[in-house]
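A.B. asks: build me a model:
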Amino acid sequence: MPLHPAIQELLTAMAESGAPPLHELSPADARAGTDALVALGGDGAEVATQTEREIGGVRAVVYTPQGDPGPGGRWPVLVWIHGGGWVICSPETHAAVARDLCAGAGCIVVSLDYRLAPEHKAPAAAEDCRAAVAWLLEHAAELGGDPERVAVGGDSAGGNLAALMAIEFGRRLVFQLLVYPVTDLTGSSPSIVENGTGYFLEKASMDWFTAHYLDGSGIAPDDPRVSPAFASDEQLAATPPAFVVTAEFDPLRDEGEAYAERLRSLGVETTSRRFDGMIHAFYGFQLLVPESVDAIRQSAELLSKAFA
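C.D. replies: Reported below is the predicted structural model:
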């Protein structure tokens, strides 16, 4: 299927802007350049409350849905881990997605502000996520949440971290939502080359992200501490049900789909869906393409089912 016309128009505008590619920027300049894409997500759905607090020592933005949590008086909880190659972005850049999932799934969303590279090399990001998830599994009630109904999710590098948390905590978590996740930091899947230039996220940018994240850390790209694809069958078989979202023109497409197939082959209840005509980051383009709204809707439906 060809690129969606709105996506093609976006890519053309980006190419004609004269802006340097991300991999030629400093981390500080790359972080400053996210505003235009954030606008494509809109403001997100209405929620009851939005607050900042520390969760297991990690800053987070916490969204609570409108309405009544029902029997038991506690909401289920989604730990949302933003993407950005472990280098850029924040809970604020992913606010619309967090709000949409909060309203759509009827759950508290805890959006983590984990430490970023290159200031904090691997495994700092995973350590922060681990601390926050561990705290919520014990103390979610302090937020009005149910510690027996905690899920993890994230996009891109956030999907990578969410997958690592699903391996770490297994079925103490009820669901893993993996949106075009990075599962293999060796960058060896065919789509890395096939979709490696001209489709927003490029191979050169992935190499830039990975270098900032791993160089000097002492951790190799094929280490299961950073690449969930290298976890053992035993570890992956013990993870919770999953929804894996991929995009046709994404360099990360093949590794996400291979990960979904491996989970499925190991007996993990896994739903996977490729969105044709889409590129990396489309999940946050709610104002640009209906596929974004559809992907978030399906995510919310599967989360609701897992929380039931």
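
A.B. asks: can you list the residue ranges for helices in the stretch 51-200 of the chain?
C.D. replies: Using DSSP state H, counting those that start in this stretch, the helices of the stretch 51-200 of the chain run over 95-105, 124-139, 157-169, 190-194.

A.B. asks: residue farthest from the centroid of this protein?
C.D. replies: Largest separation from the mean C-alpha position in the chain: P71, at 29.8 Å (C-alpha atoms, centre = their mean).

A.B. asks: in the protein, which helix is the longest?
C.D. replies: Secondary structure assigned by DSSP state H gives helix 290-307 as the longest helix of the chain.

A.B. asks: what is it packed up against?
C.D. replies: Judged by 3 or more C-beta pairs under 8 Å, 6 or more residues apart in numbering; DSSP states H and E, the packing partners of helix 290-307 are strand 75-81, helix 95-105, strand 145-155, strand 176-179, strand 242-247, strand 270-275. (Each C-beta comes from the backbone N, C-alpha and C, glycine too.)

A.B. asks: out of these, nearest to A32?
C.D. replies: helix 95-105 (17.4 Å; C-beta to C-beta).

A.B. asks: follow-up on the earlier one: pLDDT on the longest helix of the chain, on average?
C.D. replies: Across helix 290-307, pLDDT averages out at 98.

A.B. asks: now the angle from it to helix 95-105?
C.D. replies: If you take axes from the mean of the first three to the mean of the last three C-alpha atoms, to 10 degrees, helix 290-307 sits at 50 degrees to helix 95-105.

A.B. asks: buried ones in the helix or strand of the chain with the lowest mean pLDDT, by neighbour count?
C.D. replies: Within the chain, confidence by mean pLDDT, DSSP states H and E is lowest for helix 35-38 among all helices and strands, at a mean of 78. Residues of helix 35-38 classed as buried: 37-38 (neighbour count, 16 or more other C-beta atoms under 10 Å).

A.B. asks: tell me what it is packed against?
C.D. replies: Using 3+ C-beta pairs under 8 Å, 6+ apart as the contact test, no helix or strand touches helix 35-38.

A.B. asks: distance from the chain centre to that helix, please.
C.D. replies: In terms of C-alpha atoms, centre = their mean, to the nearest Å, the centre of helix 35-38 is found 17 Å from the chain centre.
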